[in-house]
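A.B. asks: Got a predicted structure here, sequence first:
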Amino acid sequence: MNYDDLYKKYQELLSENKRLKKENSELKKKLKNSPLDEGINSTLDDISNSPIVNNNSSDEEKINLFQSLFKGRSDVFAKRWVNKAGKSGYSPVCVNEWKRSVCFKPRIKCSNCANKNYLPLDSPVIQKHLTGEITVGLYPMLEDEACYFLAIDFDDTGWQSDVSAVRKTCFEYNIPSGIERSRSGDGAHLWFFFQEKIPAYVARKLGTALITSTMNQRHELSFSSYDRLFPSQDTLPTGGFGNLIALPLQHQPRQKENSLFIDDVFNPYPDQWAFLSLIEKLSTEQIELLIKQLCKGSELGDLRKNDEESTASPWKTQKLNYRLVMDDAPSHINVVRADMLYIEKEGISQKALNQLKRVAAFKNPEFYKAQAMRMPTYNKPRIISCSNELDKYLCLPRGCESEMEKLLAEIGSTVNWQDETNIGRSIKVVFNGNLRAEQQIAATALLKNDIGVLSATTAFGKTVIAASLISEHKVNTLIIVHRQQLLTQWIDRLKTFLVVDEEAPFRETKTGRKKPLDVIGQLGAGKNRLSGIIDVAIMQSLNISGEVKDCIKEYGMVIIDECHHIPAFSFEQVLKKAKAKYIYGLTATPKRQDGHHPIIFFYCGSIQYQVDAKKQAEKRPFDHYVIPRFTRFRLPLGIEEKKLNFQEIYSEIVTNELRNQLIVDDIIKANQSGRNSLILTERTSHVEILANKLSKKIDNVKVLTGSTGTKETLQIIKEIELTPIDKAITIVATGKYIGEGFDAPKLDTLFLAMPISWKGTLHQYVGRLHRLYEGKQEVQVYDYVDIHIKVLEKMYGKRLMGYASLGYKSKGASMSIEDANIIFNKSTFYPVFINDINVSNKRVLIVSPLVTKNRVAQFLPIFSTLLEKGVQVAIITRPKENYSEKRREGVQTIFNIIQKADIDLIFQDKLHQRCAIMDQHIVWYGNINLLSYGLNEESIMRLKSYDIAAELVESLDN
């Protein structure tokens, strides 16, 4: 039943009510003198009261109806405020707000305030809202993460068309809903009400499925619609209430016919209360059925996959389940290839256009990560889309060309291409160098395609390959970098590897003189000297306050260095304007920590050649070692790890004297051994502390941070380059400043003074050591493992996997090369590990937080043999109380088996270390649970070190 029908029914009921009142009056007159008068009058009064609340109903009836529909948190509510500057917002209503010595806003958040005393949302508050005394904001999500309603917000241009399209879907599936025009009148809320509270994730699933289904009828409906649901996330953020929604029927906006419920032609219902009293509520069973009916498969519909499985090879195209038919598109479709792919919409169904725009869309891992960590998801869209809408065209990034053609081919459509890319101007240029065999293979792979990505390790020669591409295509070229250092490096390399036979253009000076420019021009670092032949530009200089310079359109080829930065919005804006026929991206890390790497391939195309980092390590003429240094860093007494955020832990690391001294002592020893060291940390204050300590013991310590001036930076880099071969260099810097793009081939030792976890960052950092240099025999990475802090130790486990993928071996600081070991994974460690156990003579200690029955059974015969030889065997693990209730009985059975075998079983609450120690010197350490089964990507290293073994045992004792 639609709402026109409901309104008609309401009018009929009003007429019936009027008739009954008249009849009631007549009956009362007839029975006036009856002895049963009182009882009969009472009965007739009941009959005359309509079950519908309307404009004539009492305040109490209206408020009861209002509270039965708009039901959320009752223990707290928010009130709208407007300050003197006209800025408005909502804040929880607290009895103690702004009381001196009681309220400490804004220094202390309300959620962290010990004096908070929220007012409840009750009938008097609703009365004040309806009469205009206050405007109430309701928190829809209850404390048990359930809700009584769902609302979808529409407020962009075209909101009327969007909300109408969703309403149409509601009518098709018989879903009761109500449209409320927003307070401003420039948007709407679409409300759905439930018979009982349901989990927020189920309600959001309904809203998501409804939007997805509607997109097949109106493809212009934005992906941002998924972010406009109330509740806004599946779980409550820690310490928060979730998002709020302004309650409808606000007094002041009502005077302008806003904050009212409206019909399908956007006119307010004449009786708001009658409308609300007639609206139906959905049951849990109805909701679950509707979700299944609205979307087959994922409620988000078809998208490019971006989960862990697909990101193992993020450049590979994921097949989408299109479910289109031949009638969805004409046999021939016109597409213009320019700065983007312009698909002519004429003749293409809404469903097909919806599927086409999904070719350039993927789930945002940042949203799901924040939600899983119970953090706010504000400003984190669920879906990231790189498509654009024009009146006649749907625009996709050029890297989506192959997937677009596949989609259209499956429904029998072919593309009529109109190529409007810019071939640029021809230039006379030759390559002044020689490519190695593998470099030639990479260059050939790129030349086969107009767009594509080269993924290669540091020192592979990406710059040389780019120079080769310029000499092959022979068109004017723009190289885009993101740092001034890289700009300078590129200009120097291009001058080395290219011979350009072109007349240099002139620029006019302030005095009117014409001065020749270099044929290899630049934009950035305070200079605007583009030649239009071969130019290098800093990205930030191409995009000023959101305005992209038109010069980007004039080149026949664009090469993006460190193209993993493209997902940054300002970088993406630049690429959207590039019309070059040839577009190539260069990177050492095609996978991003934030999961936004699909954007790289949307704009640069797929990876045409990828270099295996491990194989490259084998080819280099020097060895690669990671040297773990186990620190004694602990948080101050009385401070719990779980109560600190990551930045607060970082602050404790920066000022920890023992940890800093360990690092400084290691650097001094390396310097005395003639090693050339790079010390990287994440905080400028940490750079200053370490540099000050080192300067007292080492001459000529170089410091580079983001606060170092341009002129000073260039001077320091020049001094590093001119340092004599026999003189060691020591550089202390922030990783973000020189972690990538910094070129000092002499470097052979890296000190990771601050923990990192992302392997892409690790690849960039250690890449500073991989440049070839005469006399370089081995590179070393000193990695400081903070084993006493769970989150930091876990980060080391991730770094360990990164080292393994880069071909690094592990060894102790004082170990010889012969004692170094490869870093093992889950599949390769077991035979060597078992051999170490079998040859043990005194004691075997295994530290495994988790245990499983099968794994323990696998080890028991080995342990029995050791015990017979008189070898002590001990296992440290978590107590059964650390397991879920349903697992405790099974875990206790495993513990009984272990103890029955005369193995020492030691329990440690919330144990997080994973290691094994044999005979006090053979150490296995990593993130593999040795007595249970884990994930494929887990790694573990093997070391021979009495010092490390003793340090690990001490950490366990404490």
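C.D. replies: That came through fine.
A.B. asks: Need the contact partners of the host helix or strand of residue 463.
C.D. replies: Assigned by DSSP states H and E, residue 463 belongs to helix 462-473. Helix 462-473 is contacted from outside by 429-431, 433, 435, 439, 442-443, 446-447, 454, 456, 477, 479, 489-490, 493-494, 497-498, 534, 556-557, 559, 561, 582, 584, 586, 588, using C-beta atoms under 8 Å, 6 or more residues apart in numbering. For glycine as for every other residue, the C-beta is placed from the backbone atoms N, C-alpha and C.
A.B. asks: let's see it at 7 Å
C.D. replies: For helix 462-473, contacts defined as C-beta atoms under 7 Å, 6 or more residues apart in numbering pick out 429-431, 433, 435, 439, 442-443, 446-447, 454, 456, 477, 479, 490, 493-494, 497-498, 534, 557, 559, 582, 584, 586.
A.B. asks: List the strands paired with the next helix or strand after it, with their directions.
C.D. replies: Counting by DSSP H and E, the next helix or strand C-terminal to helix 462-473 is strand 477-481. Sheet neighbours of strand 477-481, with direction, are listed as strand 534-538 (parallel), strand 557-560 (parallel) (DSSP bridges).
A.B. asks: Please work out the angle formed by the directions of strand 477-481 and helix 462-473.
C.D. replies: Inter-element angle recorded for strand 477-481 and helix 462-473: 160 degrees (by axes from the mean of the first three to the mean of the last three C-alpha atoms, to 10 degrees).
A.B. asks: Go ahead and name everything in contact with strand 477-481.
C.D. replies: So strand 477-481 is in contact with 466, 470, 487, 490, 534-539, 542, 552, 555, 557-561, 574, going by C-beta under 7 Å, 6+ apart.
A.B. asks: could you dump the strands paired with strand 477-481 to a markdown table with mean pLDDT, mean neighbour count and distance to residue 787?
C.D. replies: Formatted as a markdown table, the strands paired with strand 477-481 follow (pLDDT from 0 to 100; neighbours: other C-beta atoms under 10 Å; distance: least, C-beta to C-beta, whole Å):
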| stretch | mean pLDDT | mean neighbour count | distance to residue 787 |
| --- | --- | --- | --- |
| strand 534-538 | 97 | 24 | 42 |
| strand 557-560 | 98 | 27 | 40 |
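A.B. asks: Out of these, which is closest to residue 200?
C.D. replies: Nearest to residue 200 among the strands paired with strand 477-481 is strand 557-560 (41.3 Å), distances taken as C-beta to C-beta.
A.B. asks: Tell me which helix or strand comes right after the closest one.
C.D. replies: Proceeding N to C from strand 557-560, the next assigned helix or strand is helix 569-576, under DSSP H and E.
A.B. asks: other SSEs contacting that following helix?
C.D. replies: Counting contacts by 3 or more C-beta pairs under 7 Å, 6 or more residues apart in numbering; DSSP states H and E, helix 569-576 is packed against helix 539-542, strand 543-544.
A.B. asks: out of those, deepest packed?
C.D. replies: helix 539-542 (a mean of 20; mean count of other C-beta atoms under 10 Å).
A.B. asks: I'd like the mean pLDDT over that one, please.
C.D. replies: What helix 539-542 shows for mean pLDDT is 95.
A.B. asks: which residues touch it?
C.D. replies: Helix 539-542 has contacts (C-beta under 7 Å, 6+ apart) with 480-482, 523-524, 548-549, 552, 570-571, 574.
A.B. asks: what about residue 564, neighbour count?
C.D. replies: By other C-beta atoms under 10 Å, the residues close to residue 564 number 27.
A.B. asks: quick one: contacts for the nearest residue to it once chain neighbours are set aside?
C.D. replies: Spatially, and ignoring its direct neighbours in sequence, residue 564 is nearest to residue 587 (4.7 Å; C-beta to C-beta, 6 or more residues apart in numbering). Residues near residue 587 by C-beta under 7 Å, 6+ apart: 453, 455, 562-564.
A.B. asks: give me that answer again for 6 Å
C.D. replies: 455, 563-564 (C-beta atoms under 6 Å, 6 or more residues apart in numbering).
A.B. asks: Tell me the bridge partners for it.
C.D. replies: residue 455.
A.B. asks: cool, and residue 193?
C.D. replies: When assigned by DSSP bridges, residue 193 has beta-bridge partners residue 149.
A.B. asks: State the pLDDT value of it.
C.D. replies: 98.
A.B. asks: Double-check it against residue 69; I have them as touching.
C.D. replies: Yes - in this structure, residue 193 is within contact of residue 69 by C-beta atoms under 6 Å, at 5.4 Å.
A.B. asks: neighbour count winner among the two?
C.D. replies: Neighbour count, other C-beta under 10 Å: between residue 193 and residue 69, residue 193 has more, with 20 against 17.
A.B. asks: How about the secondary structure of residue 452?
C.D. replies: For residue 452, the assignment made with DSSP: H, G, I helix; E, B strand; the rest coil gives strand.
A.B. asks: OK, contacts around it?
C.D. replies: Contacts of residue 452 (C-beta under 6 Å, 6+ apart): 446, 605, 608.
A.B. asks: Show me what the helix or strand hosting the last one is packed up against.
C.D. replies: Spelled out, it's residue 608. Assigned by DSSP H and E, residue 608 belongs to strand 607-610. When contacts are defined as 3 or more C-beta pairs under 6 Å, 6 or more residues apart in numbering; DSSP states H and E, strand 607-610 sits against helix 437-447, strand 451-455.
A.B. asks: In terms of pLDDT, where does the residue nearest to residue 807 when sequence neighbours are not counted sit?
C.D. replies: Once flanking residues are discounted, residue 807 sits nearest to residue 617: 2.9 Å by C-beta to C-beta, 6+ apart. At residue 617, the model reports a pLDDT of 91.
A.B. asks: Show me which positions of the helix or strand containing residue 617 end up buried.
C.D. replies: Element membership for residue 617, per DSSP H and E: helix 613-619. By 16 or more other C-beta atoms under 10 Å, the buried positions in helix 613-619 come out as 613, 616-617.
A.B. asks: Name the nearest of those relative to residue 862.
C.D. replies: If you rank those by distance to residue 862 using C-beta to C-beta, residue 617 comes first, at 33.7 Å.
A.B. asks: Give me the distance between that closest one and residue 460.
C.D. replies: Distance, residue 617 to residue 460, by C-beta to C-beta, to the nearest Å: 12 Å.
A.B. asks: Check the protein and tell me which residue is nearest its centre.
C.D. replies: With distances taken as C-alpha atoms, centre = their mean, residue 366 lies nearest the centre of the chain, 2.3 Å away.
A.B. asks: where does it land in three-state SS?
C.D. replies: Put simply, residue 366 is helix when judged by three-state DSSP.
A.B. asks: My guess is it contacts residue 380. True?
C.D. replies: Yes - in this structure, residue 366 is within contact of residue 380 by C-beta under 6 Å, at 5.1 Å.
A.B. asks: what do these two both touch?
C.D. replies: Joint contacts of residue 366 and residue 380 (C-beta under 6 Å, 6+ apart) do not exist.
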